[in-house]
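Asks: test case, fold it:
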Amino acid sequence: MKQLTAFVFLLFIGIIANAQDIKNNPGSNHGNRFEQLGTILPTPNEYRTASGAPGPKYWQQRADYDITCELDEANRRLIGKETITYVNNSPDVLTYLWLQLDENEHSNTNNSGYQGSNSMPRGISEDDITRYGGKIDKNREYGVNITRVADATGKALSYTINKTMMRVDLPLALKPGQQYIFKVDWNYNIIERTKYGGRGGYENFPEDGNDLYTMTQWFPRLCVYSDFQGWQNHQFVGTGEFALVFGNYKVAMTVPADHIVLSTGVGQNFQQVLTPAQFARWQKAQTATDVTEIVTLAEAVASEKQKSTQKKTWIFKADMVRDFAWGSSRKFVWDAMPTMVEGKKVMCMSGYGKEAYSLYRKYSTKAVAHTIKTYSKFTIPYPYPVAQSLEAANGMEYPMICFNFGRTEKDATGNYSANSTYSEGTKNGMLGVVIHEVGHNFFPMIINSDERQWSWMDEGLNSFVEYLTEELWDNKFPVGKGPAYKIVDYMKLPKDVLEPIMTNSENIIQFGPNAYSKPATGLNILRETIMGRESFDYAFKEYARRWAFKHPTPADLFRTMEDASAEDLDWFWRGWFYGVEPCDISLDTVKWAVLNTDVSTTPPNAGPTTRKVPVAKPQLNSFDDISKIRNREDKKIVFATDADPSLRDFYWRYGRGLAKVDSTPFEITTPAGAPVDTYTEAERFKLAGDKNMYELTFSNKGGLVMPIIIEWTFKDGSKEVDRIPVYVWRKNENKVVKTFMKDKEVVSIKLDPMRETADINTDNNTWPVNTSPSKFQLFKGGGRGARGAAGGVNPMQKEIK
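Replies: Sure thing, here's the model as predicted:
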């Protein structure tokens, strides 16, 4: 059975890139896009069922870690040792174990000849120095230095390092149900992340001479051994992230005594490492109703100047996590606030330097709380006791902790303070990245997919729930991905430069649209347009419930969504996830009839108009999408900025016309509004009679089938929307002719009025035919420049009070 499963998996991987070309009936106009996925998906078995649920014999491995390490700040070096307990829950006998040495991504010895996006090759040239943005010490070795691998008794074990992977050979075969304990000692020079790239390392602040350390992928970690792949030991080359094993951790970090350490897990000795005043604030924060500073701004600034030469050891424990990360710096302000998730307390926390204080102090911890509560609503209750956000000028995620960006401008005195201002783009970017990275606690930290193989399974699913969470933060939040209309520019690209979502992580060129935006958009289309909110939410939540703390594959998601909803979605997976064809539904002809009279009409358009628009408007979405409208109409929804008025700042008021800013208007030209009606009332009655019959012809010019959504505008100004399910294309995937009977006279017809289907060409969606403005006209007609959202003076500094 396992050999068959492996064969099907390899077949699956081999055909995903051109699955959209697999046709059941080549040359026919039907029977292709609606065909079942069949053998494109792996064969169900006793480990993974046809329903998408784990099977009766599902298994996964376990790895527990006991780690001690020391941060040598003077030499920017980390020294560590770990004891690993590996449990073989598989039905297979193992003769070796594979571990990941991700820091070898930067090695100029152990990664020679296998460069990824951030790896440093052997023999660094002057061109390399320019490429990495700064001075590189050519004599400083990067990558993991393994000093010992031994069994529990201290006896040396044989091991082999192959670039970013290390194989440990077992002295005796590890049988099913057995566990093996071994030890690894290691060290490495810490990379300057902000200059040379990478997800972890240090950032130096020249103004105060301090470093901020983000310790990620910092210890040798077990690879995943699974039922569908065996060892996932594909090399780490920078793009495809991680596949990791669940387990329990105990970690002790020795750092400079004035450093604050924020980490995965729960601190075990805060009373010993904090001052009495700080520990008292920590205890007070456990029952606080608002954000409490554990380490204050004044204390952090004072620590920046002193630089202790003493050391302290911080101890943390974390249960049932797939990874462990931490941040360390004397620059950290640390705040915390408890929030309740289905009756369980979670400590939401943030750490940040003075450079981010006025922004993070107001928003970060409350955004963390909002995120875990909202994700819990759409997936499973957040299971961990801690969730935290650290400002570190990047965006990266780990269990219970993430690293984000968003810094302020200096105040009028030339310092960073509570009075420092920030641009609206900085604020919205910061909120977006905090929500996104905290959301990764669910995908993939809990619903633990293989990021190295399928980036979209964590980035795409997470981006989708991020979108839902941003929408519930503030109905006017300028979301970046999720609404169908925002993916249109990507879908318009030539097919030869597009990749299916089901593309291996390392092979993706358009990484942002492919791994983040397109899958998020697809799920939103399912929720809002194809399945409906209630059906989608139930099925998506069932997927999260089934696969929490397990290793799902794409087939498990696809099958669960259908199994829990009674919706046949194979056509959607085939077109949106395996294919690159866009949606372009054209309204080709409109015939208007009464009795036996057919008349085709195409009245001309009215002329353009000129209007005045203020130059410094707030940053808002250019289109009020269907999700925003439905959320606004749902009286049960309370947005975070309404529930907690403290989240309202200048930009919240500005977006609602409650803040005054000095600005001057300018004139723009926009296209016409309604078409000119050239018929008299008598002529209309003569043509249509008491009933109006309309025969519409649609063609599928893009290839991707989608529901047909029709908005009718009647002569009396009223509107009506008809939604034709996607299966109207089943018998003819290229052309549909459909007749409608209307009581009132129609003056215009528009397809997809709320832009729900990512239709790439709206010029062929209307009757009478409308002319769309060019890109230049769109910019003048209210693009980003007209709203003052990009460039220009920070309007927060120009508020008239």
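Asks: settle this for me: R193 is touching Y202, isn't it.
Replies: Yes: with contact defined as Cβ atoms under 8 Å, R193 reaches Y202; the gap is 6.4 Å. In this view, the C-beta of every residue, glycine as well, is placed from N, C-alpha and C.
Asks: overlap of the contact sets of those two?
Replies: T214 (Cβ atoms under 8 Å, 6 or more residues apart in numbering).
Asks: who's more crowded, those two?
Replies: Comparing R193 with Y202 by other Cβ atoms under 10 Å, the one with more neighbours is R193, at 25 against 22.
Asks: with adjacent residues omitted, what lies nearest to V386?
Replies: Distances taken as Cβ to Cβ, 6 or more residues apart in numbering place M400 nearest to V386, at 4.7 Å, with adjacent residues excluded.
Asks: the one you found: neighbouring residues, count only.
Replies: M400, neighbours per other Cβ under 10 Å, totals 28.
Asks: now do the strands in the stretch 101-250 of the chain.
Replies: Here the stretch 101-250 of the chain has its strands, by DSSP state E, counting those that start in this stretch, at 145-151, 159-162, 165-174, 179-189, 201-205, 210-215, 221-222, 225-226, 230-231, 247-256.
Asks: point out the most buried one among those strands.
Replies: Stretch with highest mean neighbour count among the strands of the stretch 101-250 of the chain: strand 210-215 (a mean of 24; mean count of other Cβ atoms under 10 Å).
Asks: quick one: contacts of that strand?
Replies: Contacts for strand 210-215 (Cβ under 8 Å, 6+ apart): 71, 73, 76, 78, 190, 193, 199-205, 253, 304, 307, 325-332, 353, 390, 392, 394, 396, 403.
Asks: can you turn the buried part of those into a PyMOL selection?
Replies: Buried members of the contacts of strand 210-215, defined by 16 or more other Cβ atoms under 10 Å, are picked up in PyMOL with:
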select buried, resi 71+73+76+78+190+193+199+200+201+202+203+253+304+325+326+327+328+329+330+331+332+353+390+392+394+396+403
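Asks: what about the helices in the stretch 251-400 of the chain?
Replies: Secondary structure of the stretch 251-400 of the chain (DSSP state H, counting those that start in this stretch): helices located at 270-273, 276-285, 297-306, 357-378.
Asks: figure out which of the ones you listed is closest to T239.
Replies: helix 357-378 (25.1 Å; Cβ to Cβ).
Asks: and that closest one, C-alpha only, in CSV?
Replies: Extracted in CSV, the C-alpha atoms of helix 357-378 (Å, rounded to 0.1, in the frame of the first residue of the first chain):
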residue,chain,number,x,y,z
TYR,A,357,6.9,52.9,20.3
SER,A,358,4.1,55.2,19.4
LEU,A,359,2.7,52.8,16.8
TYR,A,360,3.2,49.4,18.5
ARG,A,361,2.3,50.6,22.0
LYS,A,362,-1.2,51.7,20.7
TYR,A,363,-1.9,48.8,18.3
SER,A,364,0.3,45.8,18.4
THR,A,365,-1.0,43.8,21.4
LYS,A,366,-4.6,44.7,20.6
ALA,A,367,-4.1,43.5,17.0
VAL,A,368,-2.6,40.2,18.4
ALA,A,369,-5.7,39.7,20.5
HIS,A,370,-8.1,40.6,17.7
THR,A,371,-6.3,38.2,15.4
ILE,A,372,-6.3,35.1,17.6
LYS,A,373,-10.0,35.7,18.5
THR,A,374,-11.0,36.1,14.8
TYR,A,375,-9.0,33.2,13.6
SER,A,376,-10.5,31.1,16.4
LYS,A,377,-13.9,31.9,15.0
PHE,A,378,-13.1,30.7,11.5
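Asks: where does the stretch 451-600 of the chain dip in pLDDT?
Replies: 594-600 (pLDDT under 70).
Asks: still on that earlier bit, make TSV out of the strands of the stretch 101-250 of the chain and add mean pLDDT and distance to N139.
Replies: Listed next are the strands of the stretch 101-250 of the chain as TSV, based on pLDDT from 0 to 100; distance: least, Cβ to Cβ, whole Å:
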stretch	mean pLDDT	distance to N139
strand 145-151	98	15
strand 159-162	97	21
strand 165-174	98	25
strand 179-189	98	11
strand 201-205	97	19
strand 210-215	98	21
strand 221-222	98	29
strand 225-226	98	39
strand 230-231	98	35
strand 247-256	98	26
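Asks: can you add distance to I626 and give those back as CSV?
Replies: Converted to CSV, those look like this (distance: least, Cβ to Cβ, whole Å):
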stretch, distance to I626
strand 145-151, 55
strand 159-162, 50
strand 165-174, 46
strand 179-189, 50
strand 201-205, 41
strand 210-215, 39
strand 221-222, 43
strand 225-226, 39
strand 230-231, 44
strand 247-256, 43
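Asks: so which of those strands gets nearest V237?
Replies: strand 165-174 (11.6 Å).
Asks: next up, the contacts around the nearest residue to Q306 once chain neighbours are set aside.
Replies: Among residues not flanking Q306 along the chain, D258 sits closest, at 6.2 Å (Cβ to Cβ, 6+ apart). Applying Cβ under 8 Å, 6+ apart to D258 gives the contacts 303, 306-308, 310, 330.
Asks: any chance of a markdown table for the residues you listed, columns distance to D716 and pLDDT?
Replies: Conversion of these to a markdown table gives the following (distance: Cβ to Cβ, whole Å; pLDDT from 0 to 100):
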| residue | distance to D716 | pLDDT |
| --- | --- | --- |
| S303 | 71 | 96 |
| Q306 | 76 | 89 |
| K307 | 76 | 90 |
| S308 | 78 | 93 |
| Q310 | 81 | 96 |
| R330 | 70 | 98 |
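Asks: okay, now the unreliable bits of the stretch 651-800 of the chain?
Replies: For the stretch 651-800 of the chain (pLDDT under 70), the answer is 662-689, 770-794, 797-800.
Asks: can you pull out the strands in it?
Replies: Going by DSSP E, counting those that start in this stretch, the stretch 651-800 of the chain shows strands at 660-661, 665-670, 692-700, 708-714, 719-724, 735-742, 746-751, 766-767, 799-800.
Asks: just the residues contacting the fourth one, thanks.
Replies: Outside of strand 708-714, the residues within contact range by Cβ under 8 Å, 6+ apart are 529, 585, 696, 698, 719-724, 728, 736, 738, 740, 742, 744-754, 756-757.
Asks: the residue nearest to N504 when sequence neighbours are not counted: how many residues sit nearby?
Replies: Residue nearest to N504 in three dimensions, not counting chain neighbours: Q453, with 6.3 Å by Cβ to Cβ, 6+ apart. Number of residues near Q453 (other Cβ under 10 Å) recorded here: 19.
Asks: that older thread, the helices of the stretch 251-400 of the chain into JSON lines, with extra columns for distance to D92?
Replies: Putting these into JSON lines (distance: least, Cβ to Cβ, whole Å) gives the following:
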{"stretch": "helix 270-273", "distance to D92": "43"}
{"stretch": "helix 276-285", "distance to D92": "46"}
{"stretch": "helix 297-306", "distance to D92": "51"}
{"stretch": "helix 357-378", "distance to D92": "35"}
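Asks: can you say which of those helices is packed in most?
Replies: helix 357-378 (a mean of 23).
Asks: looking at that helix now, give me its mean pLDDT.
Replies: Regarding helix 357-378, the rounded mean pLDDT is 98.
Asks: what's that helix packed up against?
Replies: Helix 357-378 is packed against strand 333-341, strand 344-352, strand 386-391, helix 424-439, helix 456-473, helix 533-547, with contacts defined by 3 or more Cβ pairs under 8 Å, 6 or more residues apart in numbering; DSSP states H and E.
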